[in-house]
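**Student:** please work out how this folds:
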Amino acid sequence: MMKKHLLKVLGTVLISTAVLTACGGGEEPADAEASNNSDSNNEANANEGNNSGEAENDSAANSGDVVNIKVGHIGPPTHSFTLGMEELTAAIEEETDGQVKFEIFPGGQLGGERDMIEQVQLGTLDMGIYTSAPVTNFVPELAVLDLPLIFRDHQHAYDTLDGEVGEELLSLIDAQGFKGLGLWENGMRHMLSNGKPILSADDLNGMKVRAIGNDLVLDTYRALGADPTPIEWPEVHTSLQQGIVEAHDNAYGVTHSTGIYEVQEYLSEVGLYYAAAVLLMNGDLFESLPADVQEVFERLGKEYAHVQREMTTDIEAEQKQELMEFDNGLEIYDAAEVDIDSFREAVQPVYEKYESQFGDLVERIQAVE
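**Tutor:** The predicted structure is shown next:
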């Protein structure tokens, strides 16, 4: 059944990508920095009527009636968050014979990521998919995934998240009022720059780089010799255009869908950070479900991590090609053209500073073959 769903989605990706490109790609970016872009209206929409909905779900779960699940995330229409969630929820509805129904609110309709994660924890929102970085506000141990170049490549990330370390991280998530149903992804973050491509750590020396206001990220750029400046996402385009900063890191999806490529000349596949994503459900709601329905959620949440990752890979391949073909597109340097080892060496002081916060997790991740 997974193959059937995946084939159907891949058939729609080309159409969705074309629509987004034609419309100018104005959706909010699906990454951690978008998590702060909520407002009071979003919060009001998220909370309105949720208390009664929670009571109805508890009653329905106990009586065998239909359970209605409210889902929120920030993915735009062509993002793998959106497509993966659509496929997952359709599969759950099918396997539970309609005992579970979903109402999905994509595109940040219910708030930024941090807002929605808190709503899931409190039970005013039932479920969602969120970049791991804002989840660290609730589960600090997850920040180990944000260390620079912690993963050698995508496969190393997948083997880690699908193995013993991933199971441990999910259990830590469960202890905070959530049910962690799977570890999905938001993709590798690469370096975009003006003036020159970033092909080694030395190329960042003295460069003014936009960074999120996170100590680990700021320390990483300082270790690389750059001059990091925290800038909120809505101001990044203008800041690059005006030369306030010269570079920033981003994934292909956000680079393509937001038009940020219009104010950058080069993209170097450094893979500085891997952005994992967490499929979250409210813990009390999960425990209220019948055992057979719980089993469906847990099994499919993890199975569809593989589907969603394949979607991300396929979508990013198309986006990469388009970014090179656009009139004002990017000059892209593949990973093979980048001196990754120079970056690994340069960020060692970051590991020395932060590694003790994560016990043996760093060593165990690095040991995964």
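**Student:** next, the distance between the ends of stretch 242-251.
**Tutor:** 22 Å (CA to CA, to the nearest Å).
**Student:** tell me the buried residues in that stretch?
**Tutor:** Val245, Glu246, Ala247, His248, Asp249, Asn250, Ala251 (16 or more other CB atoms under 10 Å). For every residue, glycine as well, the C-beta is placed using N, CA and C.
**Student:** which of the residues you listed lies closest to Lys70?
**Tutor:** Ala251 (27.1 Å; CB to CB).
**Student:** so how far is Phe81 from the closest one?
**Tutor:** Separation of Ala251 from Phe81 (CB to CB, to the nearest Å): 12 Å.
**Student:** picking that back up, in helices, which of the buried residues of stretch 242-251 appear?
**Tutor:** Applying DSSP state H to the buried residues of stretch 242-251, no entry is found in helices.
**Student:** Gly98: how many residues sit nearby?
**Tutor:** Neighbour count for Gly98, taken as other CB atoms under 10 Å: 8.
**Student:** gap between it and Asp219?
**Tutor:** From Gly98 across to Asp219, the span is 50 Å (CB to CB).
**Student:** returning to that earlier point: pull the most distant pair out of the buried residues of stretch 242-251.
**Tutor:** Every pair of those checked by CB to CB; the farthest is Glu246 and Ala251, at 19.1 Å.
**Student:** all the strands of this structure, in order from the start?
**Tutor:** Ranges of strands within the chain are 67-72, 100-105, 127-131, 178-193, 208-211, 227-230, 247-250, 266-282, 331-333, based on DSSP state E.
**Student:** what angle separates the longest one from strand 178-193?
**Tutor:** With axes from the mean of the first three to the mean of the last three CA atoms, to 10 degrees as the criterion, the two stretches strand 266-282 and strand 178-193 enclose an angle of 170 degrees.
**Student:** also the first one?
**Tutor:** For the pair strand 67-72 and strand 178-193, the angle between their directions (the same axes, to 10 degrees) equals 20 degrees.
**Student:** which positions in strand 67-72 come out as buried?
**Tutor:** Val67, Ile69, Lys70, Val71, Gly72.
**Student:** stretch 196-207 too?
**Tutor:** Buried residues in stretch 196-207, defined by neighbour count with 16+ other CB under 10 Å: Pro197, Ile198, Leu199, Ser200, Ala201, Asp203, Leu204, Met207.
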